[in-house]
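Q: Next one to model:
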Amino acid sequence: MKKLSVTELLGTRQIERSCTVRHQEIAMFLRKMIQSARKTEVVDVGAELMKLTNNVICRVVASTSCSEEDNEAKRIKELLKRSAELIGKMSFANSLGPLKKFGFWLYRKEAKDLNARHDELMEKLLRKHEEKAKNNGGDIDRDANNDFKSEELGEESLSLQANEGTGI
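A: Numbering: from 1, shown residues only. Down below sits the predicted model:
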């Protein structure tokens with residue numbers, strides 16, 4: 001399974017295909033940074049870079065953007081955090097020897113809850129994926145919101161530099 005995942009996700013064909021996704025996500029990131037600079041807003045660059053990374057990975061793997069809604073990204077992060085904590089607890093319970101069944105019994109409800117949340121998240125992603133396929137006539141990668149030209153970014157950047165030079 002690991003070999004199949006690596007060849008499918010990191011294969012030459014997939015890397016070439018993800019080039020446009022990376023370009024679009026980087027362009028959206030830069031647009032956000034330019035807009036924030038125009039408004040002279042403080043931006044958490046680390047958080048924005050995390051969103052960029054998450055969006056690229058989600059779009060390559062699942063053909064959807066996970067950070068379109070900030071609430072959804074936070075839910076995913078919290079779900080993964082709780083899953084990691086539960087795995088640690090269950091690993092500890094497994095090391096208790098004859099008492100390991102008691103440890104699993106303690107965390108059974110939490111494990112079922114996390115499993116239901118994972119299923120809910122996957123169902124939501126699959127529904128979005130199917131809707132996109134229906135709306136775009138089977139072309140999942142086409143997205144009308146990402147028709148961004150790099151020339152626009154260059155023009156915005158130049159106008160921002162000109163404004164900085166004049167003290168505006």
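
Q: what secondary structure does the residue most central in space within the chain sit in?
A: Central residue of the chain (CA atoms, centre = their mean): Asn54, 2.9 Å from the mean position. Secondary structure assignment for Asn54 (DSSP: H, G, I helix; E, B strand; the rest coil): helix.

Q: any idea how far it is from Ile76?
A: 8 Å (CB to CB, to the nearest Å). C-betas here are computed from N, CA, C, even on glycine.

Q: same check, this time on His23
A: Distance, His23 to Ile76, using CB to CB: 24 Å.

Q: Arg22 too?
A: Shown here: Arg22 relative to Ile76, a distance of 20 Å by CB to CB.

Q: repeat for Leu86
A: Using CB to CB, Leu86 is found at 16 Å from Ile76.

Q: Show residues contacting the helix or strand Thr7 falls within.
A: According to DSSP states H and E, Thr7 maps onto helix 2-10. Here helix 2-10 makes contact (CB atoms under 8 Å, 6 or more residues apart in numbering) with Gln14, Val60, Val61.

Q: before we move on, what about stretch 90-99?
A: Identification of contacts with stretch 90-99 by CB under 8 Å, 6+ apart yields Lys100, Phe102, Gly103, Phe104, Leu106, Tyr107, Ala111.

Q: ok so, going back, quick one: which of the contacts of helix 2-10 has the most company?
A: When neighbours are taken as other CB atoms under 10 Å, the top entry among the contacts of helix 2-10 is Val60 (17 neighbours).

Q: which parts of the lengthiest helix in the chain are buried?
A: Criterion DSSP state H: the longest helix present in the chain is helix 100-135. By 16 or more other CB atoms under 10 Å, the buried positions in helix 100-135 come out as Gly103, Tyr107, Leu114, Arg117, Leu125, Lys132.

Q: pLDDT score for the second one?
A: Note for Tyr107: predicted pLDDT of 86.

Q: and it, what does it touch?
A: Leu86, Lys89, Met90, Ala93.

Q: Counting only helices, which of those residues make the cut?
A: Leu86, Lys89, Met90, Ala93.

Q: And the residue lying farthest from the centre of the chain, how far from Ala116?
A: Most distant residue from the mean C-alpha position of the chain: Pro98, 40.8 Å away (CA atoms, centre = their mean). According to CB to CB, Pro98 and Ala116 sit 30 Å apart.

Q: can you count the residues close to Glu48?
A: Glu48 has 15 neighbouring residues, counting by other CB under 10 Å.

Q: May I ask which helix or strand encompasses it?
A: Under the criterion of DSSP H and E, Glu48 resides in helix 45-62.
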